[in-house]
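**Student:** Based on what follows, work out the 3D shape:
(chains A and B)
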There are 2 protein chains.
Amino acid sequence: DGRDEEEEPECENVLCGFQTSSVLSDSAREKLLFVHGKIADQEAVVVLEKTPIREDALPELFARSTLRLEMRNDIYSTYRLQVPPHLNEIKTTVVCPATQKHLKKYQRQESFLVEETEQDYESITLPYIQQQSFSLQWVYNILEKKAEADRIVYEDPDPELGFVLLPDLKWDQKQVDDLYLIAVAHQRGIKSLRDVTSEHLPLLQNILQKGKEAILQRYELPGSGLRVYVHYQPSYYHLHVHFTKLGYEAPGCGVERAHLLSDVVQNLRADPRFYKTRTLSFPLRADDGLLGRFREAGRL
Amino acid sequence: DGRDEEEEPECENVLCGFQTSSVLSDSAREKLLFVHGKIADQEAVVVLEKTPIREDALPELFARSTLRLEMRNDIYSTYRLQVPPHLNEIKTTVVCPATQKHLKKYQRQESFLVEETEQDYESITLPYIQQQSFSLQWVYNILEKKAEADRIVYEDPDPELGFVLLPDLKWDQKQVDDLYLIAVAHQRGIKSLRDVTSEHLPLLQNILQKGKEAILQRYELPGSGLRVYVHYQPSYYHLHVHFTKLGYEAPGCGVERAHLLSDVVQNLRADPRFYKTRTLSFPLRADDGLLGRFREAGRL
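**Tutor:** Purely as a prediction, here's the structure:
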């Protein structure tokens, strides 16, 4: 009933004695914070997340809160609203005792935007990719139906122009609201956007057109409801295209990493070697080996 | 000082008498709610958004809050945390009086991707923009220091190349994690990316460079930590540039609407009329008048 809750915090509260060591990560957008610290000499991770604003709480929220003006301009004004605690809880998850694995899982990494010139690609990025020799076996398994064959939504089997379309692992396929599919090209050897030239236009246009058609057929979502793009850098170096629902802010759809396939096609028509010669910007996490190479080369 | 704030909500509180008509949209992920209603017989939109959790508030938050156990399982437990109001504010924006346009703007809607050719711009988009004659008075108020002058972070007063840099209204400026600033050009008459040609390169480069420098100086965040971009379509037709923190998934940073300023510069160097002649993709909401025009023209 919340009668006396403002007066005395109940101190079987395990967080009263919480000693913060560090903030592992946070999301200002999601109002979320992961903290590492100690509870009675044991390692702990505390996850704090503000709760969604509930429509049914609005009348009490408006009536019982304090409003402080910050700014007024014409018809716009902004305030800070101070709300009774029971209307504005923070969801709190405690992991205790926490292991090193928990800490790593929640540890944030800063990102840095790299501006990769044609020369940077040749002297830094390409050698790095080649040395790493990331395994693509799991991709070939999909293309050869040795794995995930039952998940395939559509296939064009043509070895030059064809592709396999299947749901991204992040999508639970329960609702179209967060639709996320991947088209994996049958053609091998196209590592990334950097390798794409006008000779690949038929392949790219085929993926764009038939991918949209397959999604319309299967999910009743027309092409105008889709965001179709490639990543640079990609997370694996075999040509693949992302199809996500337009209204859904899919992870990785930001302008710093995504390139609309329709723009790629348009750019290659205007300049066959557009992506060979272009300076391309992309983000790298602090612990990414490639970022280290750019640093060593004095390019950051 | 927050001493007596729990006792009597100050009822010059314009929201005390707020009559909710409907929730226009919400985001459980972002803890955000758009409400339509009335303030003293005037139509109003109220935007409520919980604030990010601040590291510097943690000690007081842990010490002074009430913890209620919800679930315990092995090393995991979940709680509801009830927090002193001054540590857990809700950012509140009031638009009053609000017009039908405001209501539409905040109403949740399906989106459709439009592919606007050069001809579409001339025959559909430009006439539509001109007919609407959106008011830019609030922008001119900023440029002329008639409003928000105290919010200005940096200014280059040059009438051709200069700009005003200030925090976006969505950013509460409490933490750099969700940094969001807008540079508004002093030069008038550049409606959008479509109007930008190579003659604007000095202006664009000036905004890019001095905007980054000002943010480094004020917030200690280097350019490599920033995503700098313009929107097409913009939400108002006066040239402005968005600066957001790279790791922060700012609303509107998706590839379908955002254009990295460094790419804009690069494209204009390669082709002075790049954005005049280009087919540009952008999303429009179902109720957008411009979408209706594209539909009537058989372009969707």
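**Student:** Could you use CA atoms for every contact and neighbour count after this?
**Tutor:** OK.
**Student:** burial count for A:Lys101?
**Tutor:** Counted with other CA atoms under 10 Å in any protein chain shown, residues neighbouring A:Lys101 total 9.
**Student:** Now do the SS call for it.
**Tutor:** Classification of A:Lys101 by DSSP: H, G, I helix; E, B strand; the rest coil places it in helix.
**Student:** same question, A:Thr78
**Tutor:** A:Thr78 ends up strand, using three-state DSSP.
**Student:** which SSE is the closest residue to it other than its chain neighbours in?
**Tutor:** Excluding its sequence neighbours, the residue lying closest to A:Thr78 (CA to CA, 6 or more residues apart in numbering or on different chains) is B:Thr93, at 4.3 Å. If you go by DSSP states H and E, B:Thr93 is part of strand B:90-95.
**Student:** cool, A:Gln187 as well?
**Tutor:** Short version, using DSSP H and E: A:Gln187 is in no helix or strand.
**Student:** residues touching it, list them.
**Tutor:** A:Gln187 makes contact with A:Pro159, A:Glu160, A:Leu161, A:Gly162, A:Phe163, according to CA atoms under 8 Å, 6 or more residues apart in numbering or on different chains.
**Student:** now do 6 Å
**Tutor:** A:Pro159, A:Glu160 (CA atoms under 6 Å, 6 or more residues apart in numbering or on different chains).
**Student:** Can you give me the distance of it to B:Glu160?
**Tutor:** The gap separating A:Gln187 from B:Glu160 is 50 Å, by CA to CA, to the nearest Å.
**Student:** One more: A:Phe274?
**Tutor:** Distance from A:Phe274 to B:Glu160, by CA to CA: 32 Å.
**Student:** Among these two, which residue is more densely surrounded?
**Tutor:** Neighbours around A:Phe274 and B:Glu160, counted as other CA under 10 Å, are more numerous at A:Phe274. The numbers are 19 against 14.
**Student:** Tell me who's in contact with the more buried one.
**Tutor:** Taking CA under 6 Å, 6+ apart, we find A:Phe274 in contact with A:Leu268.
**Student:** Show the backbone phi and psi for it.
**Tutor:** A:Phe274 has phi and psi values of phi -50, psi -50 when expressed as degrees, to the nearest 10.
**Student:** now do A:Cys253
**Tutor:** Torsion angles, degrees, to the nearest 10, at A:Cys253: phi -100, psi 10.
**Student:** Show me which positions of stretch A:270-284 end up buried.
**Tutor:** Buried residues in stretch A:270-284, counted by 16 or more other CA atoms under 10 Å in any protein chain shown: A:Pro272, A:Arg273, A:Phe274, A:Tyr275, A:Lys276, A:Arg278, A:Thr279, A:Leu280, A:Ser281, A:Phe282, A:Pro283, A:Leu284.
**Student:** what residues does the stretch 101-250 of chain A put near chain B?
**Tutor:** Residues of the stretch 101-250 of chain A that fall close to chain B, judged by CA under 6 Å from any CA of the partner chain: A:Phe112, A:Leu113, A:Ser224, A:Gly225, A:Gly247.
**Student:** what about stretch A:76-91, how long is it end to end?
**Tutor:** 31 Å.
**Student:** mind listing the strands for chain A?
**Tutor:** Using DSSP state E, the strands of chain A run over A:19-27, A:32-39, A:42-50, A:66-73, A:76-82, A:90-95, A:111-116, A:154-156, A:163-167, A:180-185, A:226-231, A:240-245, A:258-260, A:280-285.
**Student:** would you turn these into TSV with distance to B:Leu136?
**Tutor:** Converted to TSV, those look like this (distance: least, CA to CA, whole Å):
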stretch	distance to B:Leu136
strand A:19-27	33
strand A:32-39	36
strand A:42-50	36
strand A:66-73	13
strand A:76-82	14
strand A:90-95	40
strand A:111-116	33
strand A:154-156	49
strand A:163-167	44
strand A:180-185	38
strand A:226-231	31
strand A:240-245	33
strand A:258-260	31
strand A:280-285	33
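**Student:** would CSV of these with mean pLDDT be doable?
**Tutor:** Listed next are the strands of chain A as CSV, based on pLDDT from 0 to 100:
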stretch, mean pLDDT
strand A:19-27, 91
strand A:32-39, 94
strand A:42-50, 94
strand A:66-73, 92
strand A:76-82, 94
strand A:90-95, 92
strand A:111-116, 97
strand A:154-156, 98
strand A:163-167, 97
strand A:180-185, 98
strand A:226-231, 98
strand A:240-245, 97
strand A:258-260, 98
strand A:280-285, 96
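**Student:** between those, which gets nearest to A:Arg194?
**Tutor:** Counting by CA to CA, A:Arg194 lies closest to strand A:280-285 out of the strands of chain A; the figure is 9.1 Å.
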